[in-house]
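S.K.: pasting a predicted model and its sequence here:
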Amino acid sequence: MTSPLWRRESFKEIPSTNTYLVERARAGEPAGLVVRADFQSAGRGRLDRKWEAPPRSGLMVSILLRPELPESARHLANIAVALAAREAVLILSGVRPDLKWPNDLLLDGRKVGGLLAEFVVDENNESAIVVGCGINLTWDGPPEVHATSLRTASGVTISVENLLDMILRSLDTRSHDLNSEEGRQRLQAEYRDALVTLGQSVRVQTGRGDIFGVATDVDSDGRLSVLDAVGGQHLVSIGDVVHLRPAEAQQ
Ligand code: BT5
C-alpha cells in the first residue's frame with residue numbers, strides 16, 4: 001500500500017503533467033500531489049526540449065514536494081526522485097539504472113528516463129518543487145536518440161501503475177530526508193554512488209562552449225567538477241554531458 005503522503009490524479013491525455021502541476025503549486029496546492037498521464041501532447045524536457053512517448057508506453061508523472069531546505073540544496077529534490085525511480089526499477093525488473101549528470105537514468109549506457117525539476121513560488125509566497133519523471137517502459141525512445149526501454153534492457157514488462165507505486169514507496173523516506181542536514185548527506189552519498197558520470201571522460205556542453213575533461217566529483221550544490229587536460233578545474237551548474245569512449249577522449 002502506498003503511504004498517505006501521496007494523493008494521485010490521473011489523466012488520459014494532458015499537454016504536460018509538469019506544466020499542470022506547476023499551475024496547481026502556484027495556486028497553493030499542498031505537498032504530495034502526484035499527477036500521471038497516459039499521454040502528453042506537449043511533454044517537456046529541460047531547456048525547452050521535448051519529452052516524447054506514445055500513449056501508455058511509459059511512465060509520465062509529476063510530483064509536488066515542499067521540502068524545507070536551503071536554496072543551494074534544491075537540486076536534491078530531483079535527485080531524491082531519481083534515486084527512488086532507480087530503486088523501484090531494480091526491485092521490479094532486476095536491473096539497476098545508472099544516473100547520468102544532471103538528470104538522466106541510463107540502462108546499458110542508453111537513456112531510459114529523464115527528470116525535470118521546476119521551482120515555484122506560490123501565491124502565498126511559499127516555495128514548492130515540481131519534479132517530473134519520464135521512464136520508457138515499452139518504447140525505445142525517439143529513433144535519433146541513444147535511448148532504450150525497460151523491456152528492451154531487462155526483458156521485463158512492468159505496468160505503469162506498479163512502477164509508480166514502487167517509486168512512491170521508495171520516495172517516502174527520501175522525501176523526508178530532504179528536510180534535514182543528515183538526510184541530505186545520505187541522499188548526496190547515494191547520489192555519488194549512483195552517478196556513473198564520475199571518473200568518466202566527458203564533453204560538457206555549456207552555454208559558453210564545450211569543456212573536455214574527466215568528471216571528478218559532484219558537490220553538495222549539485223555542480224559537476226571537471227578536470228581538463230591542462231589541469232584546469234571547471235565547476236558546471238547547467239549543461240549536458242556526453243560520456244566519451246576512450247578513443248574520443250584522446251582526440
Ligand atoms: C529530460 O530532459 O530528460 C526530462 C524529461 C522529463 C519528462 C517528464 S514526463 C512527466 C513530466 N512532464 C513533462 O512535461 N516532463 C516531465 P532533457 O535532459 O532535456 O532531455 C530531453 C531530450 O531527451 C530530448 O531532446 C530528446 O533528445 C530525448 N528524449 C525525448 N523523449 C525521450 C524518450 N522517451 N526517451 C529517451 N530520450 C528522449
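M.R.: Received the coordinates, thanks.
S.K.: please name the residues that touch the closest residue to Thr206 other than its chain neighbours.
M.R.: In space, and not counting its chain neighbours, Thr206 is closest to Gly239: 4.2 Å by Cβ to Cβ, 6 or more residues apart in numbering. No exception for glycine: its C-beta is placed from N, CA and C like everyone else's. Gly239 is in contact with 102, 204-207, 211, 224, counting by Cβ atoms under 8 Å, 6 or more residues apart in numbering.
S.K.: how about Gly32?
M.R.: Contacts of Gly32 (Cβ under 8 Å, 6+ apart): 5-7, 64.
S.K.: coming back round to it: including neighbour count, could the contacts of Gly239 go into a markdown table?
M.R.: Putting those into a markdown table (neighbours: other Cβ atoms under 10 Å) gives the following:
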| residue | neighbour count |
| --- | --- |
| Pro102 | 24 |
| Val204 | 22 |
| Gln205 | 14 |
| Thr206 | 14 |
| Gly207 | 7 |
| Ile211 | 20 |
| Leu224 | 24 |
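S.K.: what about whichever residue of the chain sits closest to the ligand, distance to Asp228?
M.R.: Sorted by distance to the ligand under Cβ to the nearest ligand atom, the residues of the chain start with Gly114, at 2.0 Å. The gap separating Gly114 from Asp228 is 27 Å, by Cβ to Cβ, to the nearest Å.
S.K.: out of the two, which sits in the busier spot?
M.R.: Remark: of Gly114 and Asp228, Gly114 carries more neighbours, 22 against 13, as counted by other Cβ atoms under 10 Å.
S.K.: you'd agree that one is in a strand?
M.R.: Yes: per DSSP: H, G, I helix; E, B strand; the rest coil, Gly114 lies within a strand segment.
S.K.: any idea of the pLDDT on it?
M.R.: Looking at Gly114, its pLDDT reads 98.
S.K.: so who does it touch?
M.R.: So Gly114 contacts 45, 51, 103-105, 133-134 (Cβ under 8 Å, 6+ apart).
S.K.: lowest-confidence one in those residues?
M.R.: Asn103 (90).
S.K.: surely that one meets Ala77?
M.R.: No: in this structure Asn103 lies outside contact range of Ala77 using Cβ atoms under 8 Å: 11.5 Å.
S.K.: now for these two: what residues contact both?
M.R.: By Cβ under 8 Å, 6+ apart, the residues touching both Asn103 and Ala77 are Ala117.
S.K.: contacts for the strand or helix carrying Thr173 next, please.
M.R.: Using DSSP states H and E, the element containing Thr173 is helix 160-177. For helix 160-177, contacts defined as Cβ under 8 Å, 6+ apart pick out 2-3, 5-6, 34, 36, 38, 56, 58-59, 61, 63, 65, 67, 80-81, 83-85, 87-89, 91-92, 133, 135, 137, 183-184, 186-187.
S.K.: same for the ligand: which of these are within range?
M.R.: Residues of these in contact with the ligand (Cβ under 6 Å from any ligand atom): 61, 133.
S.K.: among the contacts of helix 160-177, which ones are buried?
M.R.: Applying 16 or more other Cβ atoms under 10 Å to the contacts of helix 160-177, the neighbour count classes 6, 34, 36, 38, 56, 58-59, 61, 63, 65, 67, 80-81, 83-85, 87-89, 92, 133, 135, 137, 183-184, 187 as buried.
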